Every structure is written in C-alpha cells, then in structure tokens.
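**Q** here's a sequence, model it:
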Amino acid sequence: MPEGHYLAILMFLSFIALIFTGFPVAWVLGGLAMLFTALAIIADIDLGTAIGIDWAYTSISVERMWNVMENWVLVARPMFIFMGLMLDRSGIANLLMQNLVKVFGRLRGGLAVTVALIGVLLAASTGIIGASVVLLALLGLPAMLKQGYSKELATGTVCAVGTLGILIPPSIMLVLMADRLAMSVGDLFLGALFPGLLLGTLYIGYILIYAALKPDVAPAPTDHVPLDFSAFLGVLKATLAPTALILTVLGSIFFGIATPTEAAGVGAFGAMLLAWGNGRLKIGVLREVLEETTRTTAFIFAIFLGATAYSLVLRGLGGDELMEQMLLGLPFGPTGIIVCILIFTFFLGFFLDWIEITLIVLPLVAPVVVGLGFDLVWFTVLFAVCLQTSFLTPPVGFSIFYLKGVAPPGIQVSTIYRGVTPFILLQLAGLAIIFGFERIVTWLPEQAYGP
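**A** Below is the predicted model:
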C-alpha cells in the first residue's frame, strides 16, 4: 500500500474521532487538512517517501473555496432556508392542524395521520428539519397525548415525519448534493419527489394499521364534530396557498421556466406574502427569520470551506483511489457494492451529520457508482434516504433532541428512541423498495427532461 494511503486512513479516522470532542466541524476539517499536509511533508523529508503533498498543493484550496463561494446554484440555499423559516412563522401549519383534525380526527389514529399529512406539506415547503420537528411537536404532540395516544407512537410520528423535509424537494440537502456531483438540481428534485411521498405513505399506513391492531395506542375521540362539507372546504382553503407556492417553486424548476436560484427567490417572496396574508409579517418576525437564515447559511458555508480543504488533501493522499480499490475489491458484484456503500452510509449516520457525509463521503463513492454503470440520480436519492434516517438514529439523531427540547414533561429520550424505532425500519423498507424499483426515481426526470 502506498505511504499516502496510510495517512488517508488516519486522516479519515481522525475526523470521526474529533467529531465527538464537540469542536466546531469546520475547524476540525480545516485543521486536519493543515495537520496532514505537514505530516506528508515530514514523511517525505525524514522518511524518504514520495507522497508529494506540500503547502503549494494545499494552497489550491483557496481557489477552490472561491469557486464554492461564487457558485450561483448555492445562492438558492439561503433563500430556501428563508422560505422555510418564514412559512414556519406564517401560521399556516396551525391553520392546517385545525382544519385537518375536523376531517381525520374522528379516525382511530387520525390525529397522528393529521400530523403526518401536515409534515409532508411542511416538508415540501420548508425543508428545515429543526423547524418542522419543533412545529409539529408544539401543534400535534399535546393533542395526541391528551387524547390518550401512546407516548411512543406520538413522539415517533413527530420525529419521523419532521425529517421528510430533508428529502422532499425543495431540499437544501439535494441542492448541496447536486453541487458536489455537478448534477442538475431539477433532476434530483424530480427524482426525490416520489421516494419522499412513498415514505410519507408508509408512515400513514403504519399508523392506521397499528392503531387498528392495538386500539389503545391511538384511541378514537369521543367528542368529534359531525363531518360536513364545511370541514372539507376548510381543508381546501388551508392547503390552497401553501400548495400553490410549492407548485410555483417546483414547477418553475421542473419546466425550465426558472433556475433553482430564481425559483428560491420566488419562494422566499411568496412565503413573505403568505405570512403577510395571515397577519404574521411583522418587523420582529422578519428580523428573527433573517438572523436565523444568516446563522444557518454561515454554519453550512463554514463547513463547506473546511471540507474543501479536507477533501483536497484527502484526495492528494490517494483517499479516492483507496476508496475505489476497497469497494471494487469487495467479493460482490456491482449490486453488492452498492448495498455495502448504503450500509456504510447508514452506520456513518449514527455518528456524523448529513452535511459532513455529503461533502466528504459522497464525492468519493460517486465515481465508483458511475463506473459500475448505475444511474447517478437513482444512487444519490438512495444516499439521501440513508442520510434522512441519520436524523433518527442515536447518538446524534438531531430530530430526537429537537423534540426533547420542546416535549411536555414526562417524555424521556428513551421513550422517543422506542417511538422512532418502527419508523427507522419503515425508512429501511422504503430504501429497499426504491433500490428494487429504480423507476420510482428515474421515471419523473425522464418524463420532464428525457432519458
């Protein structure tokens, strides 16, 4: 094995180990790039190796960082974040909850189904996991617990549905993946649409079946209001505005009317109009949304810059070659290699955030996937579903901690862990379905853009 490969392995293991120190990830990535450049230079001088990494090579990071910062595709990210946060404060979710409960609240498990439906709509309009989980918890969790739902089902539903925002377009994760792999954002958005809806359908199906088999976990209400036409009209009115905004944003991208950046701007402006229409657009709210958008964007871009330097040095040490050799050397066929990549990604999600995995791991494995003859859009969506699952898996399942922060007293972390376990299995089942039926991902992009 070349000397640089040993340093590449040590560099990757050091990154995983330092994540647990709590030190900012961006500084960890940048610091490791500098440290291993120095180690490569020392190895070349003192040990007589020929790794070939020096400060002149690592300085290329500056040019690459500039390319990142001037990338027009990435301009869409802060505007999508702004759109999601503004919709979160627009009162739309509260209005949906009030009206959907009138229709589905009479069913056994109907409150959980209502939360799931709101979560799917929020996922297609916000894309912000923390905001979705917190909002669903504040709206739906007290109502479910008051009606006698089991804590596990109530918390599991909120956590799982809240994570759909990272997959259903417009998703900031898909924008990031498209940039890293030089892919069309529109292709990824279209490819992820049906898989995201599939997961939402699996959640709702599980809730209804589980409630039918065990009535005590999701009892039907005893004081429901008779269902009439006005209830359906209320649901239509509540869903019309956000649905129109979603269709405007995604439709303009899908049909080539606007670029993702332009569509994101339309979405941000539309979210402000909806907030204004509901009487929620105030100076204080606008300031909060702008500050939160700035913090979130700065956090992501800081990791971006650190990952740029880290990836450059890792590739210089032969990390991409090593990854390719390891994967192609597995005693499996091409399909088995893809399965191994997905399993590896799933377990990485127990320890790393989706941003680090997207920036570090995805660019390393994507060339292998393409070389094996698989469709890159299909694989990237599979990869995204794996990363969505990472929000529910301990010890860094962020959705769990978002929920715990706003949950009523008496909800323990262990209760939430038990609640999300069935939904993790559902996500893995959904992953298997998408893996087995590639057309779920590829059909819609082909219809829109051609094969």
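**Q** what helices and strands are in contact with the helix or strand hosting residue 198?
**A** Using DSSP states H and E, the element containing residue 198 is helix 185-213. Judged by 3 or more CB pairs under 8 Å, 6 or more residues apart in numbering; DSSP states H and E, helix 185-213 is in contact with helix 110-123, helix 151-162, helix 172-180, helix 229-254, helix 260-277, helix 376-389, helix 413-436, helix 439-449. Heads up, the C-betas are built off the backbone N, CA and C, glycines and all.
**Q** which stretch in these is the model least sure about?
**A** Mean pLDDT is lowest for helix 229-254 among those, at a mean of 75.
**Q** mind listing what's buried along the helix holding residue 198?
**A** Buried positions in helix 185-213, judged by neighbour count with 16 or more other CB atoms under 10 Å: 185-200, 202-204, 206-208, 210-211.
**Q** on that earlier part again, so which of the helices and strands packed on helix 185-213 is nearest residue 37?
**A** Minimum separation from residue 37 across those (CB to CB) falls at helix 172-180, 22.2 Å.
**Q** relative to helix 260-277, how tilted is that closest one?
**A** Per axes from the mean of the first three to the mean of the last three CA atoms, to 10 degrees, the angle that helix 172-180 makes with helix 260-277 is 160 degrees.
**Q** so what secondary structure elements neighbour helix 172-180?
**A** By 3+ CB pairs under 8 Å, 6+ apart, helix 172-180 packs against helix 76-88, helix 185-213, helix 362-371, helix 376-389.
**Q** quick one: residue 144 from residue 155, how far?
**A** 9 Å (CB to CB, to the nearest Å).
**Q** these two: who's more crowded?
**A** For residue 144 versus residue 155, neighbours defined as other CB atoms under 10 Å are more numerous around residue 155 (29 against 22).
**Q** which residue, other than its chain neighbours, is closest to the more buried one?
**A** Distance criterion CB to CB, 6 or more residues apart in numbering; nearest residue to residue 155, sequence neighbours excluded, is residue 419 at 4.1 Å.
**Q** where does the chain have low pLDDT?
**A** Within the chain, the segments meeting pLDDT under 70 span 1-3, 46-50, 72-73, 103-105, 125-128, 131, 222-232, 234-235, 395-396, 449-451.
**Q** got the contact list for the most centrally placed residue in it?
**A** Centroid-nearest residue in the chain: residue 166, 2.6 Å away (criterion: CA atoms, centre = their mean). If you count contacts by CB atoms under 8 Å, 6 or more residues apart in numbering, residue 166 has them with 127, 129, 172, 173, 354, 384, 387, 388, 391.
**Q** mind running it again at 7 Å?
**A** Contacts for residue 166 (CB atoms under 7 Å, 6 or more residues apart in numbering) come out as 127, 129, 173, 354, 388, 391.
**Q** next up, the contacts around the last one.
**A** For residue 391, the contacting residues are 129, 163, 166, 397, 398, 399, by CB under 7 Å, 6+ apart.
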